[in-house]
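J.: Pasting the sequence and the predicted coordinates here, then a few questions.
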Amino acid sequence: MASLLKKPLKLALVQLATGADKAANLARARSRVLEASKSGANLIVLPECFNSPYGCQYFPSYAETLLPHPPSKTDSPSYHALSALAAESKAYLLGGSIPEYVPSTKKYYNTSLFFSPKGDLLATHRKVHLFDIDIPGKITFRESDVLSPGNKVTLVELPEYGKIALAICYDIRFPELATIAARKGCFLLLYPGAFNLTTGALHWELQARARAMDNQVYVGLCSPARDMEASYNAWGHSMVVDPNAKVLCEAGEKEEVVYAELKGEAIEETRKGIPIYTQRRFDVYPDVSKGDIKFDE
Ligand SMILES: NC(=O)CCC(=O)C(=O)O
């Protein structure tokens with residue numbers, strides 16, 4: 001069987017310190033992405049809401065308009081900054097997410113943008129599962145007060161490497177997305193995400209390792225750096241997990257770039273040793289990757 005990952009890939013996660021100044025966030029992202037590309041990264045990831053603070057009160061004022069494609073520089077400075085940066089760094093670049101506004105429907109989304117090493121937009125992913133939680137005395141958050149959900153599974157083909165899946169933060173709690181992506185042949189699931197001090201301590205690493213273990217693929221989670229002065233305190237701890245659920249690299253809480261070398265053999269060896277791939281009982285339960293699924297491939 002052909003390898004899901006055709007050749008080794010160096011993945012970089014940029015755990016960016018973001019603030020209120022969008023231009024400063026973009027400039028900071030640029031210098032960290034260029035640093036990662038100088039270190040040989042082939043695929044570089046920026047966090048959820050990398051160009052703005054994270055919070056419902058911020059989404060409208062930071063939102064950019066992406067459609068019709070390509071957007072003007074006024075409609076989406078972040079699109080143009082990311083496109084130029086991908087081309088300059090000659091690496092695939094995932095702009096973890098930005099708040100997006102669609103004037104025709106007056107809807108806001110939490111949207112990531114994925115660029116080729118030539119600076120072409122290959123995919124966008126609108127967060128499918130909105131972060132609405134209420135843990136009394138700890139954290140209440142309702143993205144759905146402002147945002148609308150996306151409605152597709154996003155898979156992207158990188159011709160020299162293979163297929164990857166894009167999702168955002170709270171999407172990781174819904175294992176169906178990960179399973180569908182893995183069964184469709186992805187070698188890597190990427191989740192830019194801003195967990196917080198409550199749920200980060202509980203579930204950040206557990207979710208990453210669970211998605212990797214269940215699906216025997218690589219998983220990357222990229223957080224903003226923690227800022228205790230901000231209204232929302234991101235967990236940090238960006239990490240890459242291997243197909244055997246082992247953490248390959250992990251950031252601390254501050255701004256940092258972490259790297260991992262991904263290899264196709266690791267997926268094959270894991271699946272050979274524990275062959276759940278050939279042991280599924282679709283005569284007992286359904287295959288979630290079959291049926292009426294909305295894809296953007
Ligand atoms: N930005 C998010 O979606 C946060 C998700 C989160 O913290 C969680 O626990 O899930």
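T.: Okay, I see it. Numbers count the residues shown, from 1 in each chain.

J.: Dihedrals phi and psi, the residue lying closest to I180 once chain neighbours are set aside?
T.: Of all residues not flanking I180 in the chain, S289 sits nearest, at 4.6 Å (C-beta to C-beta, 6 or more residues apart in numbering). For every residue, glycine as well, the C-beta is placed using N, CA and C. Main-chain dihedrals, S289, degrees, to the nearest 10: phi -90, psi 0.

J.: give me every residue that touches S289.
T.: When contacts are counted by C-beta atoms under 8 Å, 6 or more residues apart in numbering, S289 touches 179-180, 183-184.

J.: So which bits of the stretch 1-150 of the chain are right by the ligand?
T.: 48, 131 (C-beta under 6 Å from any ligand atom).

J.: try 5 Å this time
T.: Contact residues, the stretch 1-150 of the chain versus the ligand (C-beta under 5 Å from any ligand atom): F131.

J.: Show me where the stretch 1-150 of the chain has its strands.
T.: 9-15, 43-45, 92-102, 107-115, 121-126, 132-135, 139-142 (DSSP state E, counting those that start in this stretch).

J.: in the stretch 1-150 of the chain, which spans are helices?
T.: Using DSSP state H, counting those that start in this stretch, the helices of the stretch 1-150 of the chain run over 22-38, 59-62, 77-89.

J.: can you redo those as a markdown table with distance to D214 and mean neighbour count?
T.: Below are the helices of the stretch 1-150 of the chain laid out as a markdown table (distance: least, C-beta to C-beta, whole Å; neighbours: other C-beta atoms under 10 Å):
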| stretch | distance to D214 | mean neighbour count |
| --- | --- | --- |
| helix 22-38 | 29 | 18 |
| helix 59-62 | 32 | 16 |
| helix 77-89 | 31 | 21 |
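
J.: between those, which one is nearest to E261?
T.: Nearest to E261 among the helices of the stretch 1-150 of the chain is helix 22-38 (13.4 Å), distances taken as C-beta to C-beta.

J.: okay if I get the helices of the stretch 1-150 of the chain as JSON lines plus mean pLDDT?
T.: What follows is the helices of the stretch 1-150 of the chain, written out as JSON lines (pLDDT from 0 to 100):
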{"stretch": "helix 22-38", "mean pLDDT": "98"}
{"stretch": "helix 59-62", "mean pLDDT": "98"}
{"stretch": "helix 77-89", "mean pLDDT": "98"}
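
J.: Quick check: the residue of the stretch 1-150 of the chain nearest the ligand.
T.: For the stretch 1-150 of the chain, the residue closest to the ligand is F131, as judged by C-beta to the nearest ligand atom, at 3.4 Å.

J.: Now tabulate the contacts of S289 in JSON lines and tack on neighbour count.
T.: Listed next are those as JSON lines, based on neighbours: other C-beta atoms under 10 Å:
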{"residue": "T179", "neighbour count": "16"}
{"residue": "I180", "neighbour count": "21"}
{"residue": "R183", "neighbour count": "15"}
{"residue": "K184", "neighbour count": "15"}
